[in-house]
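In: missing the sequence, but the structure's below:
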Ligand SMILES: [Zn+2]
């Protein structure tokens with residue numbers, strides 16, 4: 001049986017194939033980036049391509065999933081930058 005590796009959304013814990021998620025990576029320089037092509041090395045997290053998950057990952061004040069999973073401190077401006085970038089990529093319904 002061919003096994004498809006599953007990824008888990010850090011906001012809602014939904015599992016699924018890689019292409020279903022946005023991949024966010026923290027690279028060696030401690031930058032947190034949206035990894036569009038899956039080419040950046042570093043610690044990575046996945047988020048559903050849904051507003052509610054992006055919002056939860058970046059706008060939760062207590063137990064912030066993004067910072068927790070990437071083990072990095074993000075300034076408010078950095079979070080906003082990532083949030084807006086991802087939000088801009090969502091398919092409008
Ligand atoms: Zn999700």
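Out: Perfect, thanks for sending it. Please read these numbers as outputs of a predicted model, since none were measured by experiment.

In: what's the closest non-adjacent residue to residue 7?
Out: residue 46 (4.2 Å; CB to CB, 6 or more residues apart in numbering). In this view, the C-beta of every residue, glycine as well, is placed from N, C-alpha and C.

In: Give me the buried positions along the host helix or strand of the one you found.
Out: Element membership for residue 46, per DSSP states H and E: strand 43-48. Neighbour-count burial for strand 43-48 flags 44, 45, 46, 47, 48 (criterion: 16 or more other CB atoms under 10 Å).

In: That one vs the ion: in contact?
Out: Yes. Looking at strand 43-48 against the ion by CB under 5 Å from the ion, the contacts come from residue 48.

In: picking up where we left off before, of the buried residues of strand 43-48, closest to the ion?
Out: Closest approach to the ion among those (CB to the ion): residue 48, at 3.1 Å.

In: Tell me the spatial nearest neighbour of that closest one, not counting adjacent residues.
Out: For residue 48, the closest residue by CB to CB, 6+ apart turns out to be residue 9, at 4.6 Å.

In: Within range of the ion, give me the residues from this structure.
Out: Residues of the chain lying near the ion by CB under 5 Å from the ion: 9, 11, 12, 14, 48, 53.
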